[in-house]
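> when you get a sec, could you give me coordinates for this:
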Amino acid sequence: MSEQKFRTEEFRVDGEELLAKIKKLIHEGNIRRVIIKDKDGKTILEIPMTLGVVGALIAPQLAAVGAIAALVTEATVVVEKNEAP
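Numbers count the residues shown, from 1 in each chain. Model prediction:
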């Protein structure tokens, strides 16, 4: 049984760009988890991305991201991506 590997990427975005960035990352696929942190590095929201999570299943998380975007001026998006075998 092989161990699944992943890598992380971090993006700094303005609050107004947050929702668009998350949607773009989800559309790109191959994502394991998305973590949103405030400018002090404190985790605000963590969204696990299981296989097959699309459409209506991700809508509540995107609504939460939209609400967070309205409250923060700057955020860090940490993305865990699955490594290709």
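
> separation between residue 45 and residue 12?
Distance of residue 45 to residue 12, computed by C-beta to C-beta, to the nearest Å: 16 Å. C-beta coordinates here come from the backbone N, C-alpha and C atoms, glycine included.

> buried set for the longest helix anywhere in the chain?
Under DSSP state H, the helix in the chain containing the largest number of residues is helix 59-71. For helix 59-71, burial by neighbour count (16 or more other C-beta atoms under 10 Å) applies to 61, 65, 68-69.

> just checking, next helix/strand downstream of that helix?
As assigned by DSSP states H and E, the chain's next helix or strand after helix 59-71 is strand 74-82.

> just the residues contacting stretch 69-83, thanks.
4-16, 18-19, 21-22, 25, 30-39, 41, 44, 68 (C-beta atoms under 8 Å, 6 or more residues apart in numbering).

> do the same with stretch 9-29
Applying C-beta under 8 Å, 6+ apart, the contact partners of stretch 9-29 are 31, 34, 36, 49, 58, 62, 65-66, 68-79, 81.

> could you list the low-pLDDT ranges of this structure?
Scanning the chain with the threshold set as pLDDT under 70 gives 1-4, 50-57, 84-85.

> quick one, what contacts the spatially most central residue of it?
Residue closest to the average C-alpha location in the chain (C-alpha atoms, centre = their mean): residue 34, at 2.8 Å. The contact partners of residue 34, taken as C-beta under 8 Å, 6+ apart, are 22, 25-26, 46-47, 49, 77-80.

> send the alpha carbons of the helix or strand harbouring it over as PDB?
Using DSSP H and E, residue 34 sits within strand 31-38. Extracted in PDB, the C-alpha atoms of strand 31-38 (Å, rounded to 0.1, in the frame of the first residue of the first chain):
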ATOM      1  CA  ILE A  31      -6.800  19.600  -4.300                       C
ATOM      2  CA  ARG A  32      -6.900  17.800  -1.000                       C
ATOM      3  CA  ARG A  33      -7.600  20.700   1.400                       C
ATOM      4  CA  VAL A  34      -7.900  24.500   1.400                       C
ATOM      5  CA  ILE A  35      -7.100  26.500   4.500                       C
ATOM      6  CA  ILE A  36      -7.800  30.200   4.900                       C
ATOM      7  CA  LYS A  37      -5.800  32.200   7.400                       C
ATOM      8  CA  ASP A  38      -6.000  35.800   8.500                       C
END
